Structures are given as C-alpha cells and as structure tokens.
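Asker: pasting a predicted model and its sequence here:
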Amino acid sequence: MTKSFGGRSGERVAALAGVDLTVRPGTLAALLGPNGAGKTTLVRIITTLTRPDAGWVRVLGFDVTARPGQVRARIGLTGQYAGLDEALSGRDNLVLIGRLAGLSRRTAGGRAAELAALFGLTEAIGRPARTYSGGMRRRLDLAASLMTRPALLVLDEPTTGLDPGSRQQLWAVLSTLRAEGTTMLLTTQYLEEADRFADIVHVLNRGTIIASGTAAQLKARLGRAVVEVRLAEPAATAAAARVLTGRLALPPTAVHAQDGTGRLTVTAGNEAGDPGEAGEGTGTLLAAAAALRAGGLAVAGLSLRQPSLDEAFLALTGDRA
C-alpha cells in the first residue's frame with residue numbers, strides 16, 4: 001500500500017512507500033516508528049478515514065475502500081486525542097456513540113454502565129466530561145470506542161500525555177480486553193508498552209516496515225550486550241562519554257549519555273561496530289571500567305545486560321530523538 005501527499009512546493013511527499021502488514025485475530029500488534037514514519041497515515045487508511053493511492057486493505061474480510069461502512073461497524077478507534085463532547089456527561093457521551101452506532105437507548109445505557117464499571121468511572125459517569133482529569137478522559141474515550149464490542153480495536157498512541165498511574169490503569173483494562181480475545185493494533189511512543197504487551201512488533205520507518213517480530217526477536221537482532229555505567233558524580237556525564245568514545249575507539253552512536261544524570265550505556269562491539277564474540281560484553285565492561293579509572297572518573301556502578309527494545313529501535317531506525 002502507498003500514500004503520498006502534496007508538498008508546499010507542489011511535489012508529492014510519500015507518507016507510505018509500500019507497506020505490507022498482517023494482524024492475526026486475537027493478537028496485539030504494535031506499530032513503532034519515529035515521528036513522521038507514517039504510523040498515523042496507516043491507521044487512518046485502515047480505519048477508512050483516508051484512501052490509499054495504491055494497494056488494498058481488508059479488515060475482517062471487508063475492503064476499506066469498497067465497503068467502508070461494514071468496516072466501521074466492526075472496529076473501534078481511539079485516536080491521539082480524546083474526542084469527547086465537553087458539555088455532555090460521561091454517560092451521555094457513551095450513549096451518544098452507542099445510539100449513532102445503531103444501539104437501542106436501553107442497550108446503549110446498559111453498555112455505558114458496564115463500561116463505566118470496567119474503566120473505574122462509575123462515580124464520575126454523571127459529571128460533565130469537562131470536569132474529568134486527563135486520565136479519566138482517556139479512559140472514557142477508550143470506553144466509547146468499545147460501545148459496540150468491536151472485533152478490532154485500533155489504538156493510536158492511547159497513553160500519550162498520561163501520568164504513570166493513569167497509564168497503568170489504562171493498560172490494566174487493555175490487558176483484560178486482550179485476554180477476552182479482542183484484536184488490537186497499537187501505535188505508541190512508549191516502547192516499554194510494546195515490549196511488555198505486544199505479541200508482535202512492526203517497525204515503520206520512512207513509509208515502509210523495516211522489521212517485524214516479537215520484542216525478543218527484535219532485541220536479539222541487535223546482537224550486542226549493553227554496559228550500564230553509573231557515575232559517582234552526575235556532572236561528569238559528558239566527560240565520561242568523551243572518555244569512553246575515545247579510549248574504547250567506539251563510534252559515537254555506541255555511547256548514550258543522559259546529561260547531568262551520571263548514567264551512560266555502552267553498546268558492546270568492536271571498532272567496526274560488529275557484534276564481536278560471545279564475550280564481547282564482558283570485555284567492553286572491563287575496558288570501560290579501566291578507561292574511566294584512567295580518566296580520573298569515579299564509578300558508582302557497572303552492569304551488563306541484554307539490549308532493550310528502545311536500543312533495538314534506535315539501531316534499526318537510526319533515530320536519535
């Protein structure tokens with residue numbers, strides 16, 4: 001599937017440059033990618049909001065271009081921002097969505113009460129939506145997308161902007177839905193969510209899917225252990241990064257420093273950036289300790305671990321944001 005848009009100078013800008021994607025029933029598929037990779041464009045096409053230039057999409061057996069009504073009747077969509085009527089109560093927001101989807105008033109009211117209980121909104125369901133916190137709005141928005149018990153739930157960065165507590169509450173509900181067999185397609189900027197919950201992860205970059213697999217498989221592709229460094233003096237973070245890069249003869253991309261925190265990570269590997277032998281991680285740890293000591297930098301802690309999904313994502317996309 002492809003999709004392009006007109007640029008400011010009249011040229012066409014490719015948002016999707018040839019995407020092939022399959023989401024199996026009953027699974028949670030995560031779609032990761034840097035900003036501008038095409039994630040939201042892909043979601044809009046799958047949910048019938050945008051037409052592709054070429055290629056096709058079938059959702060639950062229905063072509064999204066030829067039969068958009070049948071697709072919309074069978075899916076739920078939670079976008080990046082909550083689409084609520086601020087003046088209506090939480091209950092009336094849910095009932096409105098249910099009625100628009102063809103539910104009777106009685107059925108819509110019962111489903112609204114059921115979802116309010118599931119999302120922990122029973123006490124607030126009679127209040128205007130404008131009085132809800134950010135986390136409550138997100139939960140109400142997700143509840144609205146579930147009014148018709150969709151077979152496919154599309155989640156476009158559903159936890160963006162939520163505090164950790166609200167994110168945990170939302171994922172508790174999503175985990176329940178997943179256990180009940182709901183199929184989900186998730187885009188997220190929080191890679192730990194994909195690492196923890198997704199059955200399969202697709203990495204989208206510059207309009208194409210460049211890697212697919214379980215989180216463990218994608219991390220294994222990096223093939224390198226990671227050395228974590230914790231300095232005794234946080235102010236020495238930048239100096240430690242320079243020392244490690246220079247004395248270990250590593251490319252700058254192998255050393256990641258969180259300025260002012262005293263924390264750094266070093267991706268194990270030789271000068272050419274190859275994974276090296278099985279003991280490369282231990283060798284890098286010992287070499288890092290020696291380099292920091294020679295540079296007069298006190299170390300509070302050193303550890304060796306396998307790469308995270310964040311590090312695999314950076315390696316796959318080259319994205320440093």
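Answerer: In hand now; what should we look at?

Asker: what residues does the spatially most central residue of the chain make contact with?
Answerer: The geometric centre of the chain, computed from its C-alpha atoms, lies nearest to T188 (C-alpha atoms, centre = their mean), at 2.0 Å. The contact partners of T188, taken as C-beta atoms under 8 Å, 6 or more residues apart in numbering, are A30, L32, L155, E157, P158, T159, T160, A194. Bear in mind the C-beta positions are built from the backbone N, C-alpha and C, glycine included.

Asker: looking at those, state which has the most neighbours.
Answerer: Of all the contacts of T188, L32 has the most neighbours under the rule other C-beta atoms under 10 Å, reaching 29 neighbours.

Asker: before we move on, back to that, turn the contacts of T188 into a markdown table, columns for secondary structure and distance to T41.
Answerer: What follows is these, written out as a markdown table (DSSP: H, G, I helix; E, B strand; the rest coil; distance: C-beta to C-beta, whole Å):
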| residue | secondary structure | distance to T41 |
| --- | --- | --- |
| A30 | strand | 17 |
| L32 | strand | 15 |
| L155 | strand | 16 |
| E157 | coil | 14 |
| P158 | coil | 18 |
| T159 | coil | 20 |
| T160 | coil | 17 |
| A194 | helix | 19 |
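
Asker: could those residues go into a markdown table alongside distance to A144 and pLDDT?
Answerer: Formatted as a markdown table, the entries for the contacts of T188 read as follows, by distance: C-beta to C-beta, whole Å; pLDDT from 0 to 100:
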| residue | distance to A144 | pLDDT |
| --- | --- | --- |
| A30 | 22 | 94 |
| L32 | 26 | 89 |
| L155 | 13 | 90 |
| E157 | 17 | 86 |
| P158 | 12 | 84 |
| T159 | 16 | 81 |
| T160 | 17 | 77 |
| A194 | 24 | 87 |
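
Asker: can you list the residues you listed in TSV and add distance to R51?
Answerer: Formatted as TSV, the contacts of T188 follow (distance: C-beta to C-beta, whole Å):
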residue	distance to R51
A30	25
L32	25
L155	22
E157	22
P158	25
T159	29
T160	26
A194	28
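
Asker: going by distance to S166, which of the residues you listed wins?
Answerer: Distances from S166 to those, taken as C-beta to C-beta, are shortest for T159 (7.7 Å).

Asker: excluding chain neighbours, what is closest to S175?
Answerer: Distance criterion C-beta to C-beta, 6 or more residues apart in numbering; nearest residue to S175, sequence neighbours excluded, is F197 at 7.0 Å.

Asker: number of residues surrounding that neighbour?
Answerer: Burial measure for F197: 17 neighbouring residues, criterion other C-beta under 10 Å.

Asker: residues contacting it?
Answerer: Contacts for F197 were tallied using C-beta under 8 Å, 6+ apart; they are L28, A30, W171, L174, S175, R178, L186.

Asker: okay, helices next: where are they in the stretch 101-250 of the chain?
Answerer: Assigned helices in the stretch 101-250 of the chain, in chain order: 105-118, 134-145, 164-179, 191-197, 215-222, 237-247 (criterion: DSSP state H, counting those that start in this stretch).
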